[in-house]
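Undergrad: I would like to see how this sequence folds:
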Amino acid sequence: MHEESHVLTFRTRDGEKAWEAFSRNPGRAVIMLDGDGTMWEIVKYPTMPNVDPRYRPVLDRLIAQTGVTGMLTGRSVEQVRSFGLLGEGLQVLGQFGCEWWHHGRLTLPVERPATLDVVDAMLPEVFAKAGLADASIEDVKSHFRAIHYAAGTDDTTVAALVAGLTHLAAKTGLVCLPGHNVIELGPETNKRDALAWFVAALPWEPSVVLYAGDSEPDLAAFDVLDGLRSQGVPTLKVGTSDNTAVKARSDLLVRGPLGTLSMLLRLCALTSR
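TA: Next up is the predicted model:
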């Protein structure tokens, strides 16, 4: 794929300034990327997403040329590894910041909720009350339980499932996070808090902070970039979907995972000048 094959559409002058700031000082740039919908198309678990094999060498190149290149994702670090993306130097804030993979080691900034065991015991009752017979329970994450239901499930059933899981979350001190044909139960974490502490912990001031995402949870990361921008740090909010709220907040729009890859290739080209 030639990098010219996807047009980069800047919507704000602040975004253009951030791009220019990256070209001047990539060595202190921070690049953080969402996964589903941004680096690969959204698929229903447990189907392995089709991750473009060109991502890994591009990420490796950016890791060598930037201050930080990484991911902030609802996926676990182990899932990122299984997708073939966990190269040396990639920093991953997995499970919305519950996990942190850095310098070849894994730490847990957020403790695993003990009440997940209670959730596991009560889920069958919640499914029965909602009239849902074919839910898939994802338990590969350490901090979350993800309940997947088939596309096309009727609205009444979905509403009953959300209500039951919301009640269960409240009883167990967790939060209920609806997504694309999935509802997750886990600790009260979000991309805002995760990205904020990550940037604050850097031992140097970033020349620019870029974040790319496709859906509402990514708006929390955009909030962090807005705050940094108000403090004089160049930031670039990249929208990778047609989501109305994401588009309204973005400085730069790209078209899906191929658009994200094209953007990263262009960033690589800037570091070679």
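
Undergrad: may I have the strands that pair with the host helix or strand of Lys237, each with its orientation?
TA: Mapping Lys237 onto the secondary structure by DSSP states H and E places it in strand 235-239. Sheet pairing here is set by DSSP bridges, and for strand 235-239 it gives strand 208-213 (parallel), strand 252-253 (parallel).

Undergrad: give the rounded mean pLDDT of that strand.
TA: When pLDDT is averaged over strand 235-239, the result is 98.

Undergrad: nearest to Glu184, out of the strands paired with strand 235-239?
TA: Each of the strands paired with strand 235-239 has some distance to Glu184 by Cβ to Cβ; the shortest is strand 208-213, at 16.6 Å. Where C-beta positions appear, they are placed from N, C-alpha and C, glycine not excepted.

Undergrad: got the angle for the helix or strand following that closest one vs strand 208-213?
TA: Downstream of strand 208-213, the next assigned helix or strand under DSSP H and E is helix 217-230. With axes from the mean of the first three to the mean of the last three Cα atoms, to 10 degrees as the basis, helix 217-230 and strand 208-213 are set at 160 degrees to each other.

Undergrad: buried set for helix 217-230?
TA: Pro217, Asp218, Leu219, Ala220, Ala221, Phe222, Asp223, Val224, Leu225, Leu228, Arg229 (16 or more other Cβ atoms under 10 Å).

Undergrad: over to stretch 202-214?
TA: In terms of neighbour count (16+ other Cβ under 10 Å), stretch 202-214 has its buried residues at Pro206, Ser207, Val208, Val209, Leu210, Tyr211, Ala212, Gly213, Asp214.

Undergrad: stretch 175-189 too?
TA: Neighbour counts using 16+ other Cβ under 10 Å place Val175, Cys176, Leu177, Asn181, Val182, Ile183, Glu184, Leu185, Gly186, Pro187, Thr189 of stretch 175-189 among the buried residues.

Undergrad: ok, now stretch 144-154?
TA: For stretch 144-154, by 16+ other Cβ under 10 Å, it's Phe144, Arg145, Ala146, Ile147, His148, Tyr149, Thr153.

Undergrad: which one of those residues sits closest to Thr235?
TA: Thr235 has its nearest neighbour among the buried residues of stretch 144-154 in Phe144, at 28.1 Å by Cβ to Cβ.

Undergrad: pLDDT at that closest one, what is it?
TA: pLDDT, Phe144: 94.

Undergrad: show me what contacts Val140?
TA: Taking Cβ atoms under 8 Å, 6 or more residues apart in numbering, we find Val140 in contact with Ser76, Glu78, Gln79.

Undergrad: helix, strand, or coil at it?
TA: Of the three states, Val140 takes coil under DSSP: H, G, I helix; E, B strand; the rest coil.

Undergrad: quick check: it vs Pro109, distance?
TA: Between Val140 and Pro109 the distance is 19 Å, computed by Cβ to Cβ, to the nearest Å.

Undergrad: paired strands for the helix or strand of the chain with the lowest mean pLDDT, with orientation please.
TA: Within the chain, confidence by mean pLDDT, DSSP states H and E is lowest for strand 136-138 among all helices and strands, at a mean of 79. Sheet pairing here is set by DSSP bridges, and for strand 136-138 it gives strand 145-148 (antiparallel).

Undergrad: what residues does the strand it pairs with touch?
TA: By Cβ under 8 Å, 6+ apart, the list of residues contacting strand 145-148 reads 44-45, 116, 119-120, 123, 135-139, 161, 165, 181-186.

Undergrad: next step: those residues restricted to helices.
TA: Those of the contacts of strand 145-148 mapping onto helices are Leu116, Val119, Asp120, Leu123, Leu161, Leu165, per DSSP state H.

Undergrad: could you flag which of the residues you listed are buried?
TA: Applying 16+ other Cβ under 10 Å to these, the neighbour count classes Leu116, Val119, Leu123, Leu161, Leu165 as buried.

Undergrad: I'm done for today, thanks for sticking with me.
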